[in-house]
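Peer 1: next comes the sequence, and after it the predicted model I'd like to discuss.
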Amino acid sequence: MRISRIDTIPLAIPHEHGGPPPAWGGQAWEALNILLVRIETEDGAVGWGEAFSYNCMPSVQAMIEATVAPVLIGRDATGITSLMRELQQALHLFGRYGITMFAISAIDIALWDLAAKRAGMPLGHLLGGPAAPPSVPGYASLLKYRDRDLVANKVREALGEGYPAIKLHETGESEVAAAREAMGDGVPLCVDTNCPWTLVQARVMAQRLKPHDLHWLEEPIFPPEDFAALARLQRESGVDLAGGENACTAFEFRSMLDAGAVRYVQPSVTKVGGVTEFFKVVALAEARGVTVMPHSPYFGPGWLATLQLLAAMPLTGHPEGGWIERFYTRLEATLYPEFVSPVEGGRFRIPAGPGLGAEPDADVMRDYRVRA
Ligand SMILES: [Mg+2]
C-alpha cells in the first residue's frame, strides 16, 4: 500500500513538576514538545509516529517535511525494514545522529503503527509478544530540582503513588542522599546525570554516590560516546552504569555494548531510529546479558511504541526485564489519558487495540497545536 501523505503536527503541552523550570539543551522547558507525524496510505489508513523534539521541534519538523517526506511519498508502506535501510542510506550525508535520526524514528514508528493495524493486532503482539499483554512496571523519573527538600518531598510523593523505583536527575551528592533517606533501604534509586563529568571527575563522584546504593548511575561522562571511559569507570567503581539515550542505530549500540560500557542500555524509540532499530538493540543486548531500560520521557506515540516494545521483549515480567521511564510531572492534557497514568503498583497498561493501540485525542491535538 503506497504512502500518499505525510503531515507533521507540533504540540506544546504545559506541565508542572513542582520545581524550577527544567533546562536541558541550554533552554528552559516551559512546555513539553510533542512532534506528531501522521502517515496516510492511499487506502485511507493512518499511522502515527513521534520524533524526539524537546527544544528542537522546528528543526525536526523541517527535516521531515523538506527532506524525509519527499523520499517516501508514493513508496510502499509495508516493506518497513528495507525502506528504513534505504532511507538511512539516502539521508546519511545529513548525519547519523540527532535531528535526522529523530525524523526517521517518527516515520518508522508510524509505519509500524500502520503495519500492526493492517494485521489487526497490537504492535507488541506483531513483534512476538503475547496477544493479551501484561502491564509493565514503571519508574518515576523526577525532573531536576537541585534542592534536597524538594527532592525528598517528590520522592515520598512518587512512592506514595505506588511507584516501585525512582530516578533522579541530579548531580549533587546531597540531593541523592536526601532521596535515599526519604525512601529508605531496598527501593531502587537511579541517578541520571546527563553527561556532566570527565572520567576523572566521574570516578570521584561515583565513589561519593556509592554509599547511597544506586541501582544505576546514568550518563556520568561527557561525551556520551566515550564508551572506553564508561567501561573503565564501571569496571573500576563497581557501580552499574546506564546509557544509550543519545545513541542512534544498532551500529552505535553494538560499539557501546562491545566496549562493556553499561549494565543497562537505554535506547529511545523516538531517537534511535524507531521500532526497527530499537528491536535490533534488544537482540544485541540480550546476546550480551545487558538489560534494556527504555528511555521514554515523552507522551505521544513514542510512549505507546515503548509500551508495545516492552510487551515484545523477551524478559518482560522477569526481574531482569525492562521498566518504562515515566517523567514525573503533571501535564495539562495528554493524548492518551488511559495509558500515561500508572495503575496499581506503578505499572502501566499496554494498549490492546490494533497498531500502537490507541489514537491520539483530537481535541488535545487541536487545543495544543503550535501555530506558526
Ligand atoms: Mg537520561
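Peer 2: Great, that's in hand. Residues are numbered from 1 along each chain as shown.

Peer 1: how near is the single nearest residue of the stretch 1-150 of the chain relative to the ion to Ala178?
Peer 2: Nearest to the ion in the stretch 1-150 of the chain, going by Cβ to the ion, is Ser141, at a distance of 7.8 Å. Bear in mind the C-beta positions are built from the backbone N, C-alpha and C, glycine included. Remark: distance between Ser141 and Ala178 (Cβ to Cβ, to the nearest Å) = 17 Å.

Peer 1: separation between Gly49 and Val370?
Peer 2: 17 Å.

Peer 1: in terms of neighbours, single out the busier of the two.
Peer 2: Neighbour count, other Cβ atoms under 10 Å: between Gly49 and Val370, Gly49 has more, with 33 against 15.

Peer 1: mind exporting the helix or strand hosting that one as CSV, just the C-alpha atoms?
Peer 2: Applying DSSP states H and E as the criterion places Gly49 in strand 46-51. Output in CSV follows, covering the C-alpha atoms of strand 46-51 (Å, rounded to 0.1, in the frame of the first residue of the first chain):
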residue,chain,number,x,y,z
VAL,A,46,-3.4,6.3,9.1
GLY,A,47,-0.3,5.6,11.2
TRP,A,48,1.1,7.9,14.0
GLY,A,49,4.7,8.5,14.9
GLU,A,50,6.6,10.8,17.2
ALA,A,51,10.0,12.4,16.9
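
Peer 1: how far off centre is stretch 333-351?
Peer 2: 15 Å (Cα atoms, centre = their mean, to the nearest Å).

Peer 1: in that stretch, what counts as buried?
Peer 2: 333-336, 339-340, 342, 346-351 (16 or more other Cβ atoms under 10 Å).

Peer 1: on that earlier part again, contacts only, for the residue of the stretch 1-150 of the chain closest to the ion.
Peer 2: By Cβ atoms under 8 Å, 6 or more residues apart in numbering, the residues touching Ser141 are Lys167, His169, Asp192, Pro297, Glu325, Arg326, Phe327, Tyr328.

Peer 1: recalculate using a threshold of 10 Å.
Peer 2: Contact analysis of Ser141 by Cβ atoms under 10 Å, 6 or more residues apart in numbering lists 158, 163, 165-169, 190, 192, 295-297, 324-329.

Peer 1: close to the ion: what parts of the chain are there?
Peer 2: Asp192, Glu245 (Cβ under 5 Å from the ion).

Peer 1: output the below-cut-off pLDDT ranges for the chain.
Peer 2: Counting by pLDDT under 70, the chain contains no low-confidence range.
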